[in-house]
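Engineer: Using only what follows, build the 3D model:
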Amino acid sequence: MANETHNTAGDTGRDTLTGSARARSGLANFAHASLRFAARKPLGVAGALLLALMTFVAVFAPLLTMHDPYESFSGARQVAPQLDYWFGTDNLARDIYSRLIIGTQISMLVGFSVVIISLAVGTIVGLVSGYLGGWVDNTLQRMMDIILAIPALFLALSFMAVLGPSVANVITSLSIVSIPVVARVVRSTVISLRESMFVEAARAIGAGDIRITMLHILPNSFAPIIVMASVLLGLAIVSEATLSFLGVGIPFNIPSWGGMLGGEAKQYVRSAPWMLFFPGLALSLTVLGINLLGDALRDTLDPRLRGLGGRPI
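Structural biologist: Below is the predicted model:
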């Protein structure tokens, strides 16, 4: 009995050590892969840092503002950038820096929400359509064709005209527009994978359709999905700014980059250029960072580009 207890304790200890060793090995592999990615794709790292900075600003926006972004300060109309107002003030004597910080929160909220919703729905549609094929594929793809047949911006504008300006409506409109793009990418990937040898092996041992799609096909589709996420994030942020610039996106009383670039700000491009310069710079840097990261991820994850310096076969 004592020997059995001793053996059990020893096995438990070895299992714990093995688990710890595996964890350390996993961290070491992740660190090695990260360093290799940084060495091979420095622009991708720069893009990731820009995106991380904007995400940090969005999360801690209320703590980073200097003034109330909604308050008009007496005698401070269109003040140039100075110590009290880092980015100057607008035509209504509001602090542009504080409004820009809150606008970052709005843009990142819309961008990440659109990516999550469109990827979730689009991936499900693409998996079902690509794996089942037949009339299911035809029905789903014709529905996607109806949405894709209408220009994305025009369709989003139509939705906003019906739903009205609000953050939730912007997210809904842009998500609907983005779902078919994700569904098409996932469907094409699933079609190329469903006849693979590992899928045939899974069928041979009696695996069901749900198990095959979730445990075998979906994990092998992550590379194009991740790249698509980076593309959609940049498009969603630019689209939100476009809708707000046109006055049909985020309500005018809520600070947003597009709203700060549009409206009455266009009238003061010469007398107070800082009103447009800083929101435009924030939008440009964010989208640039996302695109740099997306290009690096595509070159790293796409098997056709591995070892070719980003050049297609």
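Engineer: make it CA atoms for all contacts and neighbour counts henceforth
Structural biologist: Will do.
Engineer: residues in contact with stretch 47-67?
Structural biologist: Applying CA atoms under 8 Å, 6 or more residues apart in numbering, the external contacts of stretch 47-67 come out as 95, 97-98, 101-102, 104-106, 108-109, 285-286, 288-293.
Engineer: Let me see the ranges of the helices in the stretch 151-300 of the chain.
Structural biologist: Using DSSP state H, counting those that start in this stretch, the helices of the stretch 151-300 of the chain run over residues 152-163, 167-193, 197-204, 209-212, 222-245, 257-261, 274-301.
Engineer: Next, format the ones you listed as JSON lines and append distance to Leu43, mean pLDDT and mean neighbour count.
Structural biologist: JSON lines is the format used below for the helices of the stretch 151-300 of the chain (distance: least, CA to CA, whole Å; pLDDT from 0 to 100; neighbours: other CA atoms under 10 Å):
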{"stretch": "helix 152-163", "distance to Leu43": "29", "mean pLDDT": "87", "mean neighbour count": "16"}
{"stretch": "helix 167-193", "distance to Leu43": "25", "mean pLDDT": "89", "mean neighbour count": "22"}
{"stretch": "helix 197-204", "distance to Leu43": "36", "mean pLDDT": "77", "mean neighbour count": "13"}
{"stretch": "helix 209-212", "distance to Leu43": "37", "mean pLDDT": "77", "mean neighbour count": "14"}
{"stretch": "helix 222-245", "distance to Leu43": "15", "mean pLDDT": "87", "mean neighbour count": "21"}
{"stretch": "helix 257-261", "distance to Leu43": "25", "mean pLDDT": "84", "mean neighbour count": "27"}
{"stretch": "helix 274-301", "distance to Leu43": "6", "mean pLDDT": "85", "mean neighbour count": "20"}
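Engineer: So which of these is nearest Asp68?
Structural biologist: Closest approach to Asp68 among the helices of the stretch 151-300 of the chain (CA to CA): helix 257-261, 15.8 Å.
Engineer: and the closest one, what does it pack onto?
Structural biologist: helix 96-132, helix 222-245, helix 274-301 (3 or more CA pairs under 8 Å, 6 or more residues apart in numbering; DSSP states H and E).
Engineer: how many other residues sit next to the nearest residue to Glu71 once chain neighbours are set aside?
Structural biologist: Counting by CA to CA, 6 or more residues apart in numbering, Glu71 lies nearest to Arg94, which is 5.9 Å off, once chain neighbours are set aside. Neighbour count of Arg94, defined by other CA atoms under 10 Å: 24.
Engineer: Roughly how far does Arg94 sit from Gly75?
Structural biologist: Distance of Arg94 to Gly75, given as CA to CA, to the nearest Å: 11 Å.
Engineer: now do Val115
Structural biologist: Distance check for Val115 against Gly75: by CA to CA, it reads 42 Å.
Engineer: Between these two, which is the more surrounded one?
Structural biologist: Per other CA under 10 Å, whichever of Val115 and Gly75 has more neighbours is Val115, with 25 against 8.
Engineer: Surely that one touches Val231?
Structural biologist: No: counting by CA atoms under 8 Å, Val115 does not reach Val231; the two are 9.2 Å apart.
Engineer: Low-confidence ranges, the stretch 51-200 of the chain, go.
Structural biologist: Counting by pLDDT under 70, the stretch 51-200 of the chain contains no low-confidence segment.
Engineer: Pop the domain breakdown of the chain in here.
Structural biologist: Taking automatic domain parsing as the reference, the chain has its domains at 1-40, 43-301.
Engineer: list the contacts for Met228?
Structural biologist: By CA under 8 Å, 6+ apart, the contact set of Met228 is Val182.
Engineer: Quick check: nearest residue in space to the residue nearest the centre of the chain, chain neighbours excluded?
Structural biologist: Central residue of the chain (CA atoms, centre = their mean): Leu233, 3.4 Å from the mean position. Spatial nearest neighbour of Leu233, chain neighbours left out: Gly111 (5.2 Å); criterion: CA to CA, 6+ apart.
Engineer: List the residues that contact that neighbour.
Structural biologist: Gly111 makes contact with Leu232, Leu233, Gly234, Ala236, Ile237, according to CA under 8 Å, 6+ apart.
Engineer: That one and Arg94, how far apart?
Structural biologist: Distance from Gly111 to Arg94, counting by CA to CA: 26 Å.
Engineer: what's the answer for Val190, then?
Structural biologist: 51 Å.
Engineer: ditto for Gly47
Structural biologist: To Arg94, Gly47 is 31 Å away according to CA to CA.
Engineer: Repeat that for Pro69.
Structural biologist: Taking CA to CA, one finds Pro69 at 6 Å from Arg94.
Engineer: just Ser113 next, same as before
Structural biologist: Distance, Ser113 to Arg94, using CA to CA: 28 Å.
Engineer: The closest residue to Ser188 other than its chain neighbours: neighbour count?
Structural biologist: Distances taken as CA to CA, 6+ apart put Gly130 closest to Ser188, at 6.8 Å, once the chain neighbours are dropped. If you count neighbours by other CA under 10 Å, Gly130 ends up with 26.
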